[in-house]
Structure formats: C-alpha cells, structure tokens
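> I would like the atomic coordinates for the input below:
(2 chains)
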Amino acid sequence: MNTATGSSDLRIRIRQNAGLLTAIAVFLVFYIFYNANHPRGFSNAVLIQNSNEVFTLAMVAMAQTVPVLLGGLDLSVGAIMTLVNTLASHVMNGSPLQMLGGALLCLATGALCGFFNGCVVVFGRIQPIIATLATGAIFIGIALFLRPSPGGDVDGDLSWAATNDLLEVAATYGFAEGGEAAWFQPIAWIPVPLLILIAMGALVWLPYARSVTGRTVYAIGSGEGAAYMSGLNIERAKISAFTMGGFFAGVGGLYLALQTSSGNADIPQAGAYTLNSIAAVVIGGTSLLGGAGGAIGSIFGALVLRTISFNFRIFEFDPLLQPLFEGVVLLTAVSLGALRVLRVRNTLELFR
Amino acid sequence: MTDAVRNSAGESRFGLGPEDKPILVASGFVLVILAIGTAYTLVTQGSATLLSPTYLLQQLQVGAFLGIVAAGMMLVILLGHIDLSVPWTLAAAAMMATAVGGGAAIPVGLAVGLLVGLVNGFGVAYLRIPSMIFTLGVNAVMRGLMVAHTGGFAPQTAATDLMQWLAVGKVLGVPAALLVWAAISVGVVLLLNRTATGRYIYAIGNKEAAAYLAGAPTRRVIITAFALCGMAAGLAGTLLAGYSTKAYQGMGDAYLLPAIAAVVIGGTHILGGKGRYLGTLIGVILIVLLNSVLSIMQMPEAGRQVIYGGVIILMLLVYGRGQKVTQ
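Modelled structure (predicted):
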C-alpha cells in the first residue's frame, strides 16, 4: 500500500516536472557530447569557461521566469541587466568596503527597476508586456546616460576572482593558505559563477517559490480571479514577482561587468538577452500561459541554449551556418510543445 | 458607469465611444508635440520649420515604413497574438528583392513576407504554439538564413529603380511611399470593417472558443492575418531597401518595438479584440513626430529612450488601464 502510493506520487511528480527533466536530459546529452569531443574535455578549465559563458543568460532567464509564471512577460530584463552592468562599471572599484557598497547598490538598483515595473503593472493596470516594453526603453536610456560609450573601471582582483574557481579566489585574497590547505582541496575546483548560480537557485529562488507570496504567483498564473477569491494578496505577489525579476537581472548585469571589466549600454545585446531569456524559460518547461514551471528549469533552459553553441565551436562547422542552426534548434525545441495538439480529442480544449 | 451607459445608448455613433478616447488623446498629444517642437524651432532658429508642408510630408514619408509594418502588426495584435518575426522578415524580403532584381524584385519581396507569414500562421493556428515564442523562433531562423546567404555582410546588390522610386519618388508633390501607405491603410480598413474575415479577427481576439463555436473558420483567419502581417513587413522591407538603395543587416530591428508601441498607443488592446485602425495611424504619426522633434532638439540617445518609454507609459495610464480583478 505504502509503496504503491509512493510510486504513484513519484509518477505525478515526474509528470509535473516533465519540462524540467527534459531540459536537464537534453543539457546532459549535449554537454557530455561536447566534453567527449573537446580536446581538453572534462577538465576544470573548460568548466570554468563554460560557467562564465552561461551565467549572465541563466540569471536573465531566471529573471524572466517570475513574471512569466504570473502569465505576463518582462521585456525589460535585458534592459535592467544592461543598466546594472553600466552602473557596476562605475562603482565596482576602490577599497573592499567601497566595492561591497557598490555591489549592494547594483543589486538594489536591479530590484528597484523590477519594483518600478511591478508598480506600473499593478497600480497603472497596464499589461505587463507593453508596460515593460516602455520601462525597458527608460532603463536603456539611463544606461546610455551612465555609459554613452563602452568602457569602465572594474577592480582587477575581484574580476579575476569572480570569473575563476575557488582556488584562485583563495590565492587572490590569501585565505586557506592561498588555496593550498588540505581541507580546501575538495571544493577548490568549483567555479565561482557556478557557485553563485546554485546559491541563487537554492537560497533565493526556492525559499521565494515556497513562500506564500511565491505560491500566490503560481496561483495568479493559473487563474487570477480564483486567486483573488481565495483571499490571496495579488498586488503584493505581482510586485514581488517583478522585483525578483529585477533582482536576478541585476545579478546578471553585475556579473557581466566583472566578467568583461567594463560596462556597455548595448541596445541590440539587451534585446538579444531578453529574447533568449524567453526561449530559455520555455525550453526549461515553464508555461508561457503562467502557473507552471520554475526558475530552476530556466537555468537548464539557458544551459541548453548555450551548450548547443558550445558544440558548434568544436566541430569545424561553417560559422555562417551557425545562426541558422541555432534558429532551427530553437524553433524545433518550442515546436515540441505542439505534441499536445495530437492528444486533444475535443477541439474546444485547444482554446484556453 | 454613466459614461458607459451613455455610450451604449445611441450616442456612440456620433458621440464618443470608448474606442474614440485613445484616438482623441493621441491626436491631442500629436498637437502638443508639434507645439513644443515649433516653440523650440521658433526660439532657436526663428522659423516654424516643423509646420511647413514639405517638412511634414518628408516626415510622413519616413514614417510610411513604420506605418506599413504597424498596419500588419495590428491585424495580428487584434487576434490577441503578436509577430516578433518582423525584423528579419523585413530584412529577408529586402535582401531577396535586391538579390533577384529586375521586374521580379518587388513580387519576390512580397512573396518572402507571405511565406514567413504562412509559416507563422501555421505554427500558431495548427500547432497551437504561443505566437510570442513561435515567431521568435522563426525570426531566429530567418536571421540564420540571411547570415548564411549574405555571409554576414550587407549584400552588394542594389535596389531596382522601381523600388527606389516607390520609396523616394513623388506623384504630384506627394511622396510615393505615402501613397503606398495610404493604399495599405484603405485596404486594412476595408478588411476590418467590410469583410467577414475582418469581423472574425475581432471575434477571435475577444474569445477564440466562442468564435469557433459560432462557426468562424478560426484557423484560416489566423493564418490570413499572419500572412498579411508578413506581407506588410515584406513590403516595408522592399521599400526601405529602395529608400537606402540597398539592403543591410539588421535593417528591421528598429521597426519591431515602435510598431507594437504605435498599435497600442492607438488604443488597440494588446490582448486583442479591441481597436480601430485610425488609432494605429495616429500612433504611428505620434511616434514619427516624437522622433523628429527629439532629433531637431538634438536630444542624445539616452534622453530619447527615456522620453520614448515615458510617453508610452503616460499614454497608457490615461486610457490603457485594464480592469481590476474583483471576481
């Protein structure tokens, strides 16, 4: 009896997380394939490089997830990321205390931008997609004001430490005997971006998603009227969702500044990040209609997108055909959702 | 409440319907922009450049490309969908048109747009994939195709004489591009108000299930709307290539978001079902004039973006507010 309920429980959980599990499986296949064919595959250097390349997109995808769970869309995540990126290129230097303050300022700015989005959506009662289209233009404007041409001054040590493994962090800042201490060895290989990514998922996203406010976000995505009638605080949940989005995008922007040692108010880049974030969210199993999915899936969605590009690098693939291939993969990935149509018996089920 | 009652009670034909308010506010804002711009030129240059017919016609000529894209986009938004593939549909049409050249240039440009639109419509209507993500994927594929075709550079081929004439030529002092835009506009108005397809578009945007049960051929209508949107983008691309004498990478990027903004500023509901073409027309004029006044003022890009975003929010705060969920 007990085992029977246990297995059906597991089956339900698997069905609920089918999107996430598919994304993880696809990622593992592509990534192992990539490493197996890479001349220095399965080495720490490759892992560090890859986690650097994936981090910002993963954060922006997490940022996009929260408004999407509401049933909305945030077209300003790339702009917030860019704004924080340009801000970081001004404040991330000086004494350690100054840098700490600068980092906090960056994160607060990201969250504030998201909060502003939330207020426009909730109190202005404007559709999220069009509200964030407009606020995105404002954020890009401020970013251009902060950094009219690419450049900036980011602390070299911090930049080095943040984009390498923990061994280099210890060596740079001289703790754990410069990273040579015996107790430090089991964790010395972990790339810093990977660590931050896991921390963001486990320490920020999961507690949020399990809080009443986070549950309310899912409830709104499933049915706003029902959520309202259940006495949930809809306004607070919506504002918090956009604020979380802004915060995640801000983390991505701050990291991009550390990674590139500069700030760049690049409008096409902001647009590309926004659009890729939507793709990552969908590949990660979150429904664009809202109410189902999660930010962990989006991390894997971003990993899938990036890993596909990694694979192009190791094969002598015509670089001119790469965008086409990426596009076809993206289109195929999102078209897999169409398999649902084959199961529909009553045409009315198509309209939701 | 009283407003709603009055509107539904027969005054709506001649008085102000709920759909007229955005149009009036947007028109008022166009006048405000013109007034501010004119005051600025009077103070700095001592002339009212902005109000001269030649200048206005020139601005409208440039605005025609955006106007044509927005006309197509409106059909899709009225359905409750969106077409994010416009940038590279536009660029692909321009590149193919210049590559083929000769008399076939313009038909080929339109055919490219039609083809992309049909693919979009198929994905949305039959595969039931959210248009947001499907058209995004199609955009990526079109970009990939064009990078593979051109090698990532601006193609060397030039626009044909006819394309250039349509973009910069004049008929009795009126820019030809403006006439093309006007023809498209008349076509869209007739489609929306005088054909069954047009009424179905509104019906589907309001409630697709209800439209289906009422016997509307929903799939065919959705495909038609996407195909027309693709063709509009293709036409805009062909004209734009004529305007700049050749096609180039990323030529469509600057048209997607302004087109959506123009449609929404004009009072069309982003979730579909509501909106008049006149509003879209005024939305395009508003954005074009705003851009030109800001460039007269030599506003740096940073300020432009902030003002641009601020204006959209402001306009929507005045009339775009949704209903509060209370049940």
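> could you look up the SS state of A:A257?
Secondary structure, DSSP: H, G, I helix; E, B strand; the rest coil: A:A257 is helix.
> once you drop chain neighbours, what's closest to it?
A:A88 (3.5 Å; Cβ to Cβ, 6 or more residues apart in numbering or on different chains). (Each C-beta comes from the backbone N, C-alpha and C, glycine too.)
> name the nearest residue to the closest residue to chain A within the stretch 1-150 of chain B, sequence neighbours excluded.
As assessed by Cβ to the nearest Cβ, chain A sits closest to B:G144 within the stretch 1-150 of chain B, at 2.8 Å. Spatial nearest neighbour of B:G144, excluding adjacent residues (Cβ to Cβ, 6+ apart): A:L324 at 2.8 Å.
> report how many residues lie close to that neighbour.
A:L324: 20 surrounding residues under other Cβ atoms under 10 Å in any protein chain shown.
> what mean pLDDT does the helix or strand that contains it have?
Element membership for A:L324, per DSSP states H and E: helix A:322-335. Here helix A:322-335 scores 81 as its mean pLDDT.
> that helix packs against which elements?
Contacts defined by 3 or more Cβ pairs under 8 Å, 6 or more residues apart in numbering or on different chains; DSSP states H and E place helix A:322-335 against helix A:267-283, helix A:295-314, helix B:131-150.
> now the second one against helix A:267-283, angle please.
Angle, helix A:295-314 to helix A:267-283, by axes from the mean of the first three to the mean of the last three Cα atoms, to 10 degrees: 120 degrees.
> for helix A:295-314, buried residues please.
Within helix A:295-314, the residues that count as buried by 16 or more other Cβ atoms under 10 Å in any protein chain shown are A:295-312.
> what residues does the residue nearest the centre of chain B make contact with?
Centroid-nearest residue in chain B: B:A70, 0.7 Å away (criterion: Cα atoms, centre = their mean). When contacts are counted by Cβ atoms under 8 Å, 6 or more residues apart in numbering or on different chains, B:A70 touches B:258-259, B:262-263, B:280, B:283-284.
> so of these, which ones are in strands?
Among the contacts of B:A70, DSSP state E puts none in strands.
> just put the residues you listed in a markdown table and tack on neighbour count.
Output for the contacts of B:A70, formatted as a markdown table (neighbours: other Cβ atoms under 10 Å in any protein chain shown):
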| residue | neighbour count |
| --- | --- |
| B:P258 | 23 |
| B:A259 | 32 |
| B:A262 | 30 |
| B:V263 | 30 |
| B:T280 | 30 |
| B:G283 | 33 |
| B:V284 | 29 |
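> out of these, flag the one nearest to A:G263.
B:P258 (26.0 Å; Cβ to Cβ).
> I figured the closest one hits B:L66, correct?
Yes: applying Cβ atoms under 8 Å, one finds B:P258 in contact with B:L66, separated by 5.8 Å.
> separation between the closest residue to A:P150 other than its chain neighbours and chain B?
Computed as Cβ to Cβ, 6+ apart, the closest residue to A:P150 that is not its neighbour in sequence is A:N264, at 4.0 Å. From A:N264 across to chain B, the span is 14 Å (Cβ to the nearest Cβ, to the nearest Å).
> look up phi and psi at A:N264.
The phi and psi values for A:N264, taken as degrees, to the nearest 10, are phi -150, psi 120.
> thought it was touching A:M81?
No: contact criterion Cβ under 8 Å: A:N264 and A:M81 do not qualify, at 11.2 Å.
> which parts of the stretch 51-200 of chain A sit against chain B?
A:73, A:120, A:124-127, A:129-131, A:133-145, A:148 (Cβ under 8 Å from any Cβ of the partner chain).
> okay, now the unreliable bits of the chain?
As the question left the chain open, I've gone with chain A. Applying pLDDT under 70 to chain A picks out residues A:1-6, A:337-338, A:352.
> I was thinking of chain B, sorry if that wasn't clear
B:1-17, B:320, B:327.
> show me where it has strands.
Under DSSP E, chain B gives strands at B:170-171, B:174-175.
> quickly run through the sheet partners of the last one, with directions.
So that's strand B:174-175. strand B:170-171 (antiparallel) (DSSP bridges).
> give me the contacts around the partner strand.
B:176, B:179.
> quick one on the thing from earlier: next, show the common contact partners of B:P258 and B:L66.
What both B:P258 and B:L66 touch, as defined by Cβ under 8 Å, 6+ apart, is the set B:I287.
> nearest to chain B: which residue in the stretch 251-352 of chain A?
Closest point on the stretch 251-352 of chain A to chain B, by Cβ to the nearest Cβ, is A:L324, at 2.8 Å.
> give the buried residues for the helix or strand containing A:V217.
Per DSSP H and E, A:V217 falls inside helix A:212-222. Neighbour-count burial for helix A:212-222 flags A:213-214, A:216-222 (criterion: 16+ other Cβ under 10 Å).
> now do stretch A:104-111
Those would be A:105-107, A:109-111, for stretch A:104-111 by 16+ other Cβ under 10 Å.
> stretch A:150-163 too?
For stretch A:150-163, by 16+ other Cβ under 10 Å, it's A:152, A:154-155, A:158-159, A:161-163.
> next step: those residues restricted to helices.
A:158-159, A:161-162 (DSSP state H).
> which of the residues you listed sits closest to A:I12?
Scanning those for proximity to A:I12, where the rule is Cβ to Cβ, the winner is A:A162, at 40.5 Å.
> which ones are touching B:L256?
By Cβ under 8 Å, 6+ apart, the neighbours of B:L256 are B:84, B:86-87.
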